[in-house]
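take a look and give me a structure for this.
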Amino acid sequence: MINPSECNTIAGSYFDFLAERFPVMCASDEFHFLPRAENACNHYDKLDDVDADAMEETILELKAFQSHFSSLTFEDIDLEVYLDLKLLQANIAGILIELDTKRVWQYNPLLYLKIAFVGLDHALTKPAADPREIQERTLARLSSIPRLLKQATDNIQSVPDTYHQASVWMVQDCQHYLSENAEVISELAANHRKAMLMQVLENTESALKNFARFLNSLSPQPDRRFAVATLESSLQDHFLSQRSPQEIFQIGVHEWHEIREQLHMLQSKIDPHTSWQELYHAYSPSQIEEKEIIALYGEEIDRLRNYFSRLGFNENILSTRLEIDYTPKYLASVRSSASFAAAFSQDPRERSFFYITTRFPRHNSEKTDDQLQKRLHREYKMLTAHETIPGHHFLDSVRRSLKRPIRRQIESPLFYEGWASYAESLLTEYGYLEDPRELLVDRRRNLWRAARCQIDVGLTIGTLTEKDAIDLVTTCGFAPEEASRQLDRFRLNPGYQLCYCYGSYEFRKLRQSYNDIMGSNEFYNFLLEGGELPFHLTEKRFKHLLPKE
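As a prediction, the model looks like this:
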């Protein structure tokens, strides 16, 4: 029988392998399929090696780990060790889906740009023993960017339209980021090394220009040509879901119809002569300038922290360090308008960020920027809850505090996005949202999630036509052309869009089953302290805890 120490030793070898092979991707939540392997902090001077031969070798090594995990016996095993091993199996399956089945490194330029500039950002900002360490690792990572971008041009033969356009924009943003930080980087070096550092910076800028030329030489292909049928393997092997795609599709359908009824009821209450879509777009809590949006979100974090503290949520977790700022320049084209960036290590100097983008990076239209700012204002309570408290930031703070190393280092998109979506519903349940117009905004957000769940599953299993899918998206308020582009983007990452609606549904089911037995605070503490487990394994923990009848 495998014991906890042996389990952690096996996992430690796996995490250390990934931390050394992919130090940037493991240290960043930009790459959802990799664990947050903690020893990546020992490699802030290295960038990930995405050379084709190295990738094939890595895939073989991962398959060897997978085979070893599968060979372990589960007879007479301690429940918590059993859960750890199942989580390891699910995690490695998710990595192999991305790197081996989908082979994203052969068609996604964003992967390389993110590694390069997330890595550079980490070198500059992560905790260090002294300024010299920051200087050395910044120089090392800057020096490696040309090599990394050359690997991209060697590996990539064709690109989906969505990734191509985003990559062209991101290159421009990265060039601006380098220009803006050139002085900061220069000041890191002692006088006798300044010339070398500036030469490295110049080489990086040149490599970016060459990469831009490479992207412009490609003819982007329709997104759907790159779609790989990984939905069922993601559900079964990565999420370890015990529900079939058909069941999950029906959950999306049920949610859709239920939420539409709620929207029509709210419409009748607010103004029966105006559609709920018009009411949504017309709603603005108050007049606010763009420069005040960051302050608005910062004040909302404080209000939510105080509110959920009074409800009995863990004070230590609620007070975990969080800063709000504008989205970093190099991520402006690829991050959503409100997003959470988790701290990596348990170092008290680490910071988590709530990022806000108040202007579309690639639109020179006052109208589109105005629409974005109105949405940020209209949805600020829900967006803050989703991204910070009690959503992503709260969940991530719990994860990073866990004592079991396997659960401290592994995230699950289904649990992660499902929890943040469920967390929003607590605003209504606990009476934080009461204004009918705010409730309408909340329901519209849920309707969009139900649409994406149906589309993600329905297009794959054939229960939804493309016309049906476009109708769902347009009902949520998107133009037909944008609706078509949304469908193509969803096809590039099957299994992710369902996480919000389906994950939230599973949390509600768990709550219905165990909340009355345990009480809310004990329920949430026990739920989240188990780590981001597949839902049927979370339920297994609950059943094991409760006295047998």
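
what is the rounded mean pLDDT of stretch 14-21?
The average pLDDT within stretch 14-21 is 98.

what residues does it touch?
26, 34-35, 37-40, 42-43, 48-49, 54, 58, 61, 65, 88, 92, 95, 405, 409 (Cβ atoms under 8 Å, 6 or more residues apart in numbering). The way it works is simple: take the backbone N, C-alpha and C, and place the C-beta from them, glycine included.

same question for stretch 167-177.
109-110, 113, 116-117, 159, 205, 208-209, 211-212, 215-216, 328-334, 361-362.

could I have the buried ones of these as ChimeraX selection syntax?
Selection of buried members from the contacts of stretch 167-177 for ChimeraX, criterion 16 or more other Cβ atoms under 10 Å:
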select :109,110,113,116,117,159,205,208,211,212,215,328,329,330,331,332,333,334,361
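
restricted to helices, list the contacts of stretch 167-177.
Taking DSSP state H, the ones among the contacts of stretch 167-177 that sit in helices are 109, 110, 113, 116, 117, 205, 208, 209, 211, 212, 215, 216.

which one of the residues you listed is nearest residue 432?
Residue 432 lies nearest to residue 110 out of the ones in helices among the contacts of stretch 167-177, by Cβ to Cβ, at 36.1 Å.

return the member of the ones in helices among the contacts of stretch 167-177 nearest to residue 534.
residue 110 (28.3 Å).

the closest one reaches residue 165, doesn't it?
No - using Cβ atoms under 8 Å, residue 110 makes no contact with residue 165, being 10.5 Å away.

thinking again about what came up before, using TSV, lay out the ones in helices among the contacts of stretch 167-177 together with distance to residue 13 and pLDDT.
Putting those into TSV (distance: Cβ to Cβ, whole Å; pLDDT from 0 to 100) gives the following:
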residue	distance to residue 13	pLDDT
109	32	97
110	30	97
113	30	98
116	28	98
117	30	97
205	39	94
208	36	97
209	41	97
211	35	98
212	40	97
215	38	97
216	43	95
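
pipe those residues into JSON lines and attach distance to residue 351 per row.
As requested, the ones in helices among the contacts of stretch 167-177 are exported to JSON lines (distance: Cβ to Cβ, whole Å):
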{"residue": "109", "distance to residue 351": "28"}
{"residue": "110", "distance to residue 351": "24"}
{"residue": "113", "distance to residue 351": "23"}
{"residue": "116", "distance to residue 351": "21"}
{"residue": "117", "distance to residue 351": "18"}
{"residue": "205", "distance to residue 351": "28"}
{"residue": "208", "distance to residue 351": "27"}
{"residue": "209", "distance to residue 351": "32"}
{"residue": "211", "distance to residue 351": "30"}
{"residue": "212", "distance to residue 351": "31"}
{"residue": "215", "distance to residue 351": "32"}
{"residue": "216", "distance to residue 351": "36"}
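
list just the nearest of these to residue 368.
Nearest to residue 368, judged by Cβ to Cβ, of these is residue 110 at 22.2 Å.

so where is the stretch 351-500 of the chain shaky, pLDDT-wise?
Within the stretch 351-500 of the chain, the segments meeting pLDDT under 70 span 361-365.

just the strands in it please.
Here the stretch 351-500 of the chain has its strands, by DSSP state E, counting those that start in this stretch, at 352-356.

all helices for it, in order.
For the stretch 351-500 of the chain, applying DSSP state H, counting those that start in this stretch gives helices covering 366-378, 380-387, 392-401, 405-409, 413-429, 436-461, 466-475, 480-492, 498-518.
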